[in-house]
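# I'll drop the sequence and a predicted model, then ask my questions.
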Protein chains: 2
Amino acid sequence: MRVPFRRVNLTNGEHFDLYDTSGPYTDADAALDLRRGLPPRPGVVSDRGTQLQRARAGEVTAEMAFIAAREGLAPELVRAEVAQGRAVIPANHNHPEAEPMIIGKAFAVKVNANIGNSAVSSSIADEVDKMVWATRWGADTIMDLSTGRDIHLTREWILRNSPVPVGTVPIYQALEKVNGDPVALTWECYRDTVIEQCEQGVDYMTVHAGVLLRYVPLTANRVTGIVSRGGSIMAAWCLAHHQESFLYTHFAELCEILQRYDVTFSLGDGLRPGSIADANDAAQFAELRTLGELTKIAKSHGVQVMIEGPGHVPMHKIVENVRLEEELCDEAPFYTLGPLTTDIAPAYDHITSAIGAAMIAQAGTAMLCYVTPKEHLGLPDRKDVKDGVIAYKIAAHAADLAKGHPRAQERDDALSRARFEFRWHDQFALSLDPDTAREFHDETLPAEPAKTAHFCSMCGPKFCSMRITQDIRDAMAEKSKEFAEHGNQVYLPLA
Amino acid sequence: MRVPFRRVNLTNGEHFDLYDTSGPYTDADAALDLRRGLPPRPGVVSDRGTQLQRARAGEVTAEMAFIAAREGLAPELVRAEVAQGRAVIPANHNHPEAEPMIIGKAFAVKVNANIGNSAVSSSIADEVDKMVWATRWGADTIMDLSTGRDIHLTREWILRNSPVPVGTVPIYQALEKVNGDPVALTWECYRDTVIEQCEQGVDYMTVHAGVLLRYVPLTANRVTGIVSRGGSIMAAWCLAHHQESFLYTHFAELCEILQRYDVTFSLGDGLRPGSIADANDAAQFAELRTLGELTKIAKSHGVQVMIEGPGHVPMHKIVENVRLEEELCDEAPFYTLGPLTTDIAPAYDHITSAIGAAMIAQAGTAMLCYVTPKEHLGLPDRKDVKDGVIAYKIAAHAADLAKGHPRAQERDDALSRARFEFRWHDQFALSLDPDTAREFHDETLPAEPAKTAHFCSMCGPKFCSMRITQDIRDAMAEKSKEFAEHGNQVYLPLA
């Protein structure tokens, strides 16, 4: 079994291995051909039940062993968390190109990056490039949210080339099939779309089955109504037909389909708040309760489930979301979009939401869906994708530290030691974005000798506290030596 | 009395007034001349005691009345908080150009921007420009941390043109006077520097008087030693002389000087942690205890005091900092640098620290010192200053929302209503950075009609949830009308 890590060779002769999501793309020896796709990982078989079913049966699957090695945790912990439904391994039998990973609060917090074109912007090649780019910076899964033309083909290219699990929202493609009219959607159209995507290898699917007819009026007095695309589509359908949605009434059939491929449910929060004013309201929590019921049904079919969460939530209302989700949804992994902690900073919502994301992950959220600087304003480009991923890797890592993930602080310590010892190259190499760190440093001190200099342009040579601290330590060591030489007395505190 | 606000005229005929820190620079009618400086505010007298002394005497000063109008709170609350030492009004008698503002946990969370040249980089004009630029984006105070040549002149230009209070760290200039050798520093040199800066009009001063000789060995096993410039300078002095620092032994004399001008102490955390590994350690909290003792001495001299805090702290150790500070320092306003919640993202430390800043402000920190993307790497330029200020305005506002500041959510609601109603111009105008929000939107949809279009390029016209929600609301209203027409029955829930 070969498990991916990124090895950083340090200038002091040591090395540090980082969890890595970039697949073969950052391996100089890998032969890549986007038209052929990535090679499948060895030993994948298609008729093997779900990870949940096998975990319950006591089996540590090849995927679980891979994940245990990757996370530095015991295989039995992986199995137990999956068996209890507190973690999921999104791994469609038909997506053998992906490297197994796990989403659950006992493990490192994961980050999802949304990509996908819209009717207004972007091409297939752009989206594949964004996928590779997002995983290079650390996206643990990606969601293809394409809504324009060529949905099937775009997804095919992404899946065949993706080293990470791929999620989708099948209702988007179903809506394209009925020319964009929500009222014309049918269970049969939706079902066929889901099967098509399961066959292609989609690893998890957002299903807004919790939007019930009676919840729609609860959104009437909201500041921002329904902000989930899938939620608004299903609400429109329910209202037009005056019926519960086919996602809800056919949920058991849906479970049977997903079970066959081991596709994981991501039960969508179609009524999530889209503004601070609407956070934690009756509509949101009514839907969450229904997602709890659906979780039990899915699990009874052996299907893995995670639960999607908001959205826009002020800091003091964040923890309540996790508490309720765990209570109502049997501790299924929580997967949240941010949340944004204020509405007043369009163009900086990667930051408004990184704050909320870090806090909600500390409270137990297992995966964070990134928000890019373009949120609310337009479709993200390459730079936005990177900015979003980095902001969310920060939030996820900050939460890992706060939760005491066994390996998290090793990286902080290694980087801080490099910083203190003025090993600039090592500081860059251990950072989330070595390129930008180096570039910022070199703006003012580009020469190679500055890479071992005992200061930077922030304070200049005279005011570098770290250099002065070294002098202090030298002075203390000298004092200590003097004491020893003059009678070998115990070293006394200096005051 | 005229109190500054920025009025945003909305396209629906309403308007919204924003707290504004930019002084006359964003007033189209203001006559500006950097060489003459800003006009003093009317009625400033120099021999008037300190705001603390006058608050204790029951007086609502002109500054307090100004602040009450600015914050939308009762003048008596302002007076009471200042009298108790739970808030400070940094307003040197010799800095009449500044518009009064308050730092205290009962008020809106404030943001400080550090500027100042170093020996390696930047000119006076650059620094004045950064000051104007920082206040334009919302910096409530600025600190001039210059360490290179021309310190006095740089500060003079900044003070005469600054509409916000200006802080300094006098030890930096003192060190320049002794050619950069910490060991050569003396009380007399330091005292004269403080008087020089008081005379110029500096509003608050960082004084690292809590670095005691016996605390220095507590830093010996740290990963990053002493990372405060002032702290490392004083530690080096203490160790070299084997004495307590002159800042500590002459603290009462220092109080007498600051009292004469109503300069506020910002008691520096010279032993703050510079890495996750060093957070909340013995050195940090030993110094905090000493800062508590010094707080009492300063207050007994009628001098206003705030307390500086870290630094680098993982999320689960943040609240403890506020709790201890309030306990040990008699609830003096807390003023923290971030904290950074992880060490692994140089070039993104405005984000690693905005997370910590939001959380520590929610817990009661009154002012946040920004961190720019260049932290640890180099001196911030104009773009870095703006990025740092915006990230910190986000953190401060998120905390205001979480603390229930009476006016905070009005802005979120106004912006979200504009968003929901597709008033794009209003959404931009109400945001923290209208320029960038507009620019991001226009990247894909630059035409003027797109500014009223019911979608953006993120989802395209068919998938815009907000547009569909409007349709849903129309449908619900239509149903309601039908019911009324068919017998005027009570409107029933739809399920």
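On my side now, so go ahead. Numbering: from 1, shown residues only, chains lettered A, B, ... in the order given.
# which residue ranges form the helices in the stretch 251-400 of chain A?
For the stretch 251-400 of chain A, helices defined by DSSP state H, counting those that start in this stretch occupy the ranges A:251-261, A:282-300, A:318-328, A:349-362, A:382-403.
# what sits against A:W237?
Neighbour list for A:W237: A:182-183, A:185, A:245-246 [criterion: CB atoms under 8 Å, 6 or more residues apart in numbering or on different chains]. For the C-beta atoms, the positions are set from N, CA and C on the backbone; glycine is no exception.
# next one: A:W157
Each residue near A:W157 by CB under 8 Å, 6+ apart is listed here: A:34, A:124, A:127-128.
# what of A:P339?
Neighbours of A:P339 in contact, by CB under 8 Å, 6+ apart: A:279, A:309-313, A:318, A:321, A:353, A:356-357, A:360.
# sorry, back to before: make TSV out of the helices of the stretch 251-400 of chain A and add distance to B:E331, mean neighbour count and mean pLDDT.
Below are the helices of the stretch 251-400 of chain A laid out as TSV (distance: least, CB to CB, whole Å; neighbours: other CB atoms under 10 Å in any protein chain shown; pLDDT from 0 to 100):
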stretch	distance to B:E331	mean neighbour count	mean pLDDT
helix A:251-261	54	19	98
helix A:282-300	36	20	98
helix A:318-328	25	19	98
helix A:349-362	25	30	98
helix A:382-403	26	25	97
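# could you export those as JSON lines, including distance to chain B?
Putting these into JSON lines (distance: least, CB to the nearest CB, whole Å) gives the following:
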{"stretch": "helix A:251-261", "distance to chain B": "17"}
{"stretch": "helix A:282-300", "distance to chain B": "11"}
{"stretch": "helix A:318-328", "distance to chain B": "9"}
{"stretch": "helix A:349-362", "distance to chain B": "5"}
{"stretch": "helix A:382-403", "distance to chain B": "4"}
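# picking that back up, please list which of the contacts of A:W237 also come close to chain B.
Residues shared between the contacts of A:W237 and the neighbourhood of chain B are A:P182 [CB under 8 Å from any CB of the partner chain].
# if any of the contacts of A:W237 are buried, give me the PyMOL selection for them.
In PyMOL syntax, the buried subset of the contacts of A:W237 is picked out as below (16 or more other CB atoms under 10 Å in any protein chain shown):
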select buried, chain A and resi 182+185+245+246
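# return the distance of the residue nearest to A:A69 when sequence neighbours are not counted relative to chain B.
Distance criterion CB to CB, 6 or more residues apart in numbering or on different chains; nearest residue to A:A69, sequence neighbours excluded, is A:V3 at 4.4 Å. Counting by CB to the nearest CB, to the nearest Å, the gap from A:V3 to chain B is 21 Å.
# on that earlier part again, now the helices of the stretch 251-400 of chain A in TSV, with distance to A:I233?
TSV is the format used below for the helices of the stretch 251-400 of chain A (distance: least, CB to CB, whole Å):
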stretch	distance to A:I233
helix A:251-261	16
helix A:282-300	15
helix A:318-328	23
helix A:349-362	23
helix A:382-403	24
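# those helices: which one's closest to A:R229?
A:R229 lies closest to helix A:282-300 among the helices of the stretch 251-400 of chain A, at 15.2 Å (CB to CB).
# elements contacting that closest one?
For helix A:282-300, the packing partners by 3 or more CB pairs under 8 Å, 6 or more residues apart in numbering or on different chains; DSSP states H and E come out as helix A:251-261, strand A:264-267, strand A:305-309, helix A:318-328.
# format those as TSV; extra columns: distance to A:P273.
Below are the helices and strands packed on helix A:282-300 laid out as TSV (distance: least, CB to CB, whole Å):
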stretch	distance to A:P273
helix A:251-261	24
strand A:264-267	17
strand A:305-309	10
helix A:318-328	10
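# how about the contacts made by A:A80?
Shown in contact with A:A80 (CB under 8 Å, 6+ apart): A:A55.
# likewise for A:V194?
So A:V194 contacts A:170, A:205, A:254, A:257-258 (CB under 8 Å, 6+ apart).
# just confirm it is within a helix.
Yes. A:V194: assigned to a helix according to DSSP: H, G, I helix; E, B strand; the rest coil.
# if I look at it, how far off is A:G37?
In this view, A:V194 and A:G37 are 22 Å apart by CB to CB, to the nearest Å.
# among the contacts of A:W157, which ones are in helices?
Secondary structure defined by DSSP state H assigns A:124, A:127-128 of these to helices.
# other residues contacting the lowest-mean-pLDDT helix or strand in chain A?
Least confident helix or strand of chain A, by mean pLDDT, DSSP states H and E, is helix A:465-485 with a mean of 78. Helix A:465-485 is contacted by residues A:419-420, A:422, A:454-455, A:459, A:461, A:489, A:491-492, A:494, B:182, B:216-217, B:219-220, B:224-229, B:231-233, B:235-236, B:239-240, B:274 when judged by CB under 8 Å, 6+ apart.
# before I go, just wanted to say thanks for your time.
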